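Asks: Attaching a predicted model along with its sequence, questions to come.
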Protein chains: 2
Amino acid sequence: MKEGPDISHVAALIGDPARANILTALMDGRALTASELAAEAGVGLSTASSHLAKLTDGGLLVPRKQGRHKYFALANRDVASVLEALMGLAASQGGARVRPGPKDQTLRQARVCYNHLAGSRGVQMYEALRSAGAIIETGDDVSLTPKGESFATGFGVDLARLKTSKAPLCRTCLDWSERRNHLAGSLGRALLSEMETRGWLRRDENSRAILFTPSGKVAFDKTF
Amino acid sequence: MKEGPDISHVAALIGDPARANILTALMDGRALTASELAAEAGVGLSTASSHLAKLTDGGLLVPRKQGRHKYFALANRDVASVLEALMGLAASQGGARVRPGPKDQTLRQARVCYNHLAGSRGVQMYEALRSAGAIIETGDDVSLTPKGESFATGFGVDLARLKTSKAPLCRTCLDWSERRNHLAGSLGRALLSEMETRGWLRRDENSRAILFTPSGKVAFDKTF
DNA sequence: TTGATGCTTCGTTGAAGGTCGAAGTATGAA
DNA sequence: TTCATACTTCGACCTTCAACGAAGCATCAA
């Protein structure tokens, strides 16, 4: 009867609207405080606290105390990909629920996904890197070629530092709007951060949207 | 506030134990009747009927009336992949819940996943086909090479017929036990069905397990 | 028609759990 | 110390919804 692991427990955690809002808010990879998440979810502080405890207990979030603040972030990449998969499913069928407002448009073009670039621009970058031979797909994974290493270094990424961490350098991530791969992993994060430093783009404070500057848009298209 | 589609509704549907059991039971791609699913979920008939209505309404299942029976199947491949993703997450963290019994062992080796071969044998086949140049990965998708076409035809697959359908010939599918790709799509289904016809294997009636015959095991290893 | 099977609908019960406010604990600032 | 901020815990309320049995419809077989 019980084949495979217990799906329903995890699914039930995501199944509450308030908790789903919390998880969605954390999809950009940032860590947020309990108060911020309470506002994001639209519930009281005590309610949020209870939800956060459950999510942490269920292994979906990891807490980190910092002074009198308590920050929460998604536990790992698996959680993020389950959420993206759910979004894809929900978007494709319950599609009537999604009204394509101006914000939605922006989100499809460029957004933050677990600290790396997602949306059509993310896919564009990924494809450019791949066809340029900077990255190469092996099985389900993706890895950086020597050619890609020199590009990244030239772009301003401190590859040596990234390599000291045990986190994977390159990863693929499937986003729900494009349904194609884009680049995740520590390199993906570093590239996004570098682009932000260069002033190509800036993050929207209240959402996952990424806003390219006019000059940034040009530079991005030229590079990728 | 509401970025992206409504996750929580879908997740809540999967979040009930009875419904999760129903969905899991349908993971092999077969269509089952309401009564069978009620037994599978361990609930009464009326309860199951209500659950099935909700799942259908939510777009996770598609019903098909046949005489006085009503068959239910997963609505599409997206639903199956969300379920597999959830299994992967649940297995990796709430792992304590999974006790590796003899049946579990069999499931990890070979099982049916939406009518194609999954588990370590599924991955073995996929890798063999890939390194033999029968299939080639492009981006996130996989496609059949001329070399692969002649292999499939020689194996007994009616490729011409498969191509008339609009369903994709080749697809990748990630399974939760191996965490690697195996072959899905109509070709994946056809290969499994051909192996069953040849007597290499048979399906377990009450689970997703696939049991290889001794001679089938030898033939499989020789081919892949 | 009569009976049997398969599923749906309805009404009721009961338990689970989301919500809030208030009080309690911890950390930092003045 | 004293106050303010950030979060947790507790208790009470209340909505939601899974579960069942009985009755109702539909289909098939004689």
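Replies: Good, I have the coordinates. Numbers count the residues shown, from 1 in each chain, chains lettered A, B, ... in the order given.
Asks: Tell me how many other residues surround A:Ala53.
Replies: Look at A:Ala53: counted by other CB atoms under 10 Å in any protein chain shown, it has 13 neighbours. C-beta here means a position set from N, CA and C on the backbone, and glycine is covered the same way.
Asks: typo on my end, it should be A:Val43
Replies: 19.
Asks: Which residues are in contact with it?
Replies: If you count contacts by CB atoms under 8 Å, 6 or more residues apart in numbering or on different chains, A:Val43 has them with A:Ala18, A:His51.
Asks: Need the phi and psi values for it.
Replies: Torsion angles at A:Val43 (phi, psi; degrees, to the nearest 10) stand at phi -130, psi 170.
Asks: Would you state the predicted confidence (pLDDT) at it?
Replies: Looking at A:Val43, its pLDDT stands at 93.
Asks: Over to A:Phe224?
Replies: We have a pLDDT of 83 for A:Phe224.
Asks: Any idea which residue is closest to the centre of chain A?
Replies: Centroid-nearest residue in chain A, with CA atoms, centre = their mean: A:Cys113, separated by 1.7 Å.
Asks: isn't it right up against A:Ala184?
Replies: Yes: between A:Cys113 and A:Ala184 there is a contact under CB atoms under 8 Å: 7.4 Å.
Asks: any idea how far A:Leu13 lies from A:Met27?
Replies: 15 Å (CB to CB, to the nearest Å).
Asks: I meant to write A:Ile135 there.
Replies: Look at A:Ile135 and A:Met27: by CB to CB, they are 23 Å apart.
Asks: now do A:Tyr71
Replies: Distance, A:Tyr71 to A:Met27, using CB to CB: 15 Å.
Asks: what do you get for A:Leu55?
Replies: 14 Å.
Asks: got it, and A:Met87?
Replies: According to CB to CB, A:Met87 stands 9 Å off from A:Met27.
Asks: For burial, what's the neighbour tally of the closest residue to A:Gln93 other than its chain neighbours?
Replies: Excluding the flanking residues, the one nearest A:Gln93 by CB to CB, 6 or more residues apart in numbering or on different chains is B:Gly59, at 3.9 Å. When neighbours are counted by other CB under 10 Å, B:Gly59 registers 20.
Asks: Make sure B:Gly59 is indeed in a helix.
Replies: No: using DSSP: H, G, I helix; E, B strand; the rest coil, the secondary structure at B:Gly59 is coil, not a helix.
Asks: Show me the domain layout of chain A.
Replies: The record's domain parsing of chain A by automatic domain parsing lists A:7-75, A:100-223.
Asks: To DNA strand D, which of those lies closest?
Replies: Nearest to DNA strand D among the domains of chain A is domain A:7-75 (3.0 Å), distances taken as CB to the nearest atom of the strand.
Asks: and that closest one, anywhere near DNA strand C?
Replies: Yes: looking at domain A:7-75 against DNA strand C by CB under 7 Å from any atom of the strand, the contacts come from A:12, A:16-18, A:43-47, A:50-51, A:54, A:67-68.
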